[in-house]
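A.B. asks: got a sequence here, can you build the structure:
(2 chains)
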Amino acid sequence: GENVEQHPSTLSVQEGDSAVIKCTYSDSASNYFPWYKQELGKRPQLIIDIRSNVGEKKDQRIAVTLNKTAKHFSLHITETQPEDSAVYFCAANDNAGKSTFGDGTTLTVKP
Amino acid sequence: DTEVTQTPKHLVMGMTNKKSLKCEQHMGHRAMYWYKQKAKKPPELMFVYSYEKLSINESVPSRFSPECPNSSLLNLHLHALQPEDSALYLCASSQAGTRYGYTFGSGTRLTVV
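C.D. replies: Modelled structure (predicted):
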């Protein structure tokens, strides 16, 4: 089955700095890569996604890149704000539509 | 309506009790999921329903029994649980297919005593 590794497990940045979270996946048949943000005590929320036929996608301050050859994808957050503090999960969908999650990155943005 | 609604929000049950978790969505999504999440861990897939049929069971113990009465509702029936089953149970829905993200409910915080 699919295996998703996520790094780093914790990340602390100053407000205004950029944050980068990286994930690798094992199944070359995986074709969809969502990112979820989970604030403390709340539900995971989809913040951005990328399909396997696209190399990069941007939505305001967040962007995701995908390298299919190397089987890795990354989340980039620019101009971080305290409200970006949360746990971020990457995931990979296999060809059965099943999402396998990475272990999560706890992002802390210090004012 | 762009939400997935789960009830109850909190549940405490004894090891001999029978209880049910409920999930409802009105977004027209034809895939629904149950996930289990322990503290500081990622969501862990339990069951997938596609077009009201069970398509994936991740070798979940039989004390958890899912049910999908119609395209908007998903239930998880609980019986004879163990304390280690205490967790946040998340329901999610998505469009059917492989390239869609999930909308999660707020979850049911389950404590087994």
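
A.B. asks: leaving out the residues flanking it, which one is nearest to A:His7?
C.D. replies: Ranked by Cβ to Cβ, 6 or more residues apart in numbering or on different chains and with sequence neighbours excluded, the top spatial neighbour of A:His7 is A:Lys22, at 5.3 Å. Placement of C-beta: from N, CA and C, glycine included.

A.B. asks: which helix or strand contains that neighbour?
C.D. replies: In the assignment (DSSP states H and E), A:Lys22 maps to strand A:19-25.

A.B. asks: what is that strand packed up against?
C.D. replies: Judged by 3 or more Cβ pairs under 8 Å, 6 or more residues apart in numbering or on different chains; DSSP states H and E, strand A:19-25 is in contact with strand A:4-7, strand A:10-14, strand A:72-77, strand A:86-93, strand A:105-110.

A.B. asks: tell me what angle the fourth one forms with strand A:72-77.
C.D. replies: Using axes from the mean of the first three to the mean of the last three Cα atoms, to 10 degrees, the inter-axis angle of strand A:86-93 relative to strand A:72-77 is 150 degrees.

A.B. asks: helices or strands up against strand A:86-93?
C.D. replies: Using 3+ Cβ pairs under 8 Å, 6+ apart as the contact test, the elements touching strand A:86-93 are strand A:4-7, strand A:19-25, strand A:32-38, strand A:72-77, strand A:99-101, strand A:105-110.

A.B. asks: ok and it relative to strand A:19-25, angle-wise?
C.D. replies: With the same axes, to 10 degrees as the criterion, the two stretches strand A:86-93 and strand A:19-25 enclose an angle of 30 degrees.

A.B. asks: dump strand A:86-93 to CSV, restricted to CA.
C.D. replies: Extracted in CSV, the C-alpha atoms of strand A:86-93 (Å, rounded to 0.1, in the frame of the first residue of the first chain):
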residue,chain,number,x,y,z
ALA,A,86,-1.9,24.5,13.1
VAL,A,87,-1.0,20.9,12.2
TYR,A,88,-0.7,20.4,8.5
PHE,A,89,-1.2,17.0,6.9
CYS,A,90,-0.2,16.0,3.4
ALA,A,91,-2.0,13.0,1.8
ALA,A,92,-1.8,10.9,-1.4
ASN,A,93,-4.8,9.3,-3.1
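
A.B. asks: for that strand, what does the pLDDT average out to?
C.D. replies: This predicted structure assigns strand A:86-93 an average pLDDT of 97.

A.B. asks: same check, this time on the second one
C.D. replies: Here the mean pLDDT over strand A:10-14 is 98, rounded to a whole number.

A.B. asks: strand partners (parallel or antiparallel) of it?
C.D. replies: For strand A:10-14, the pairing partners within the sheet under DSSP bridges are strand A:105-110 (parallel).
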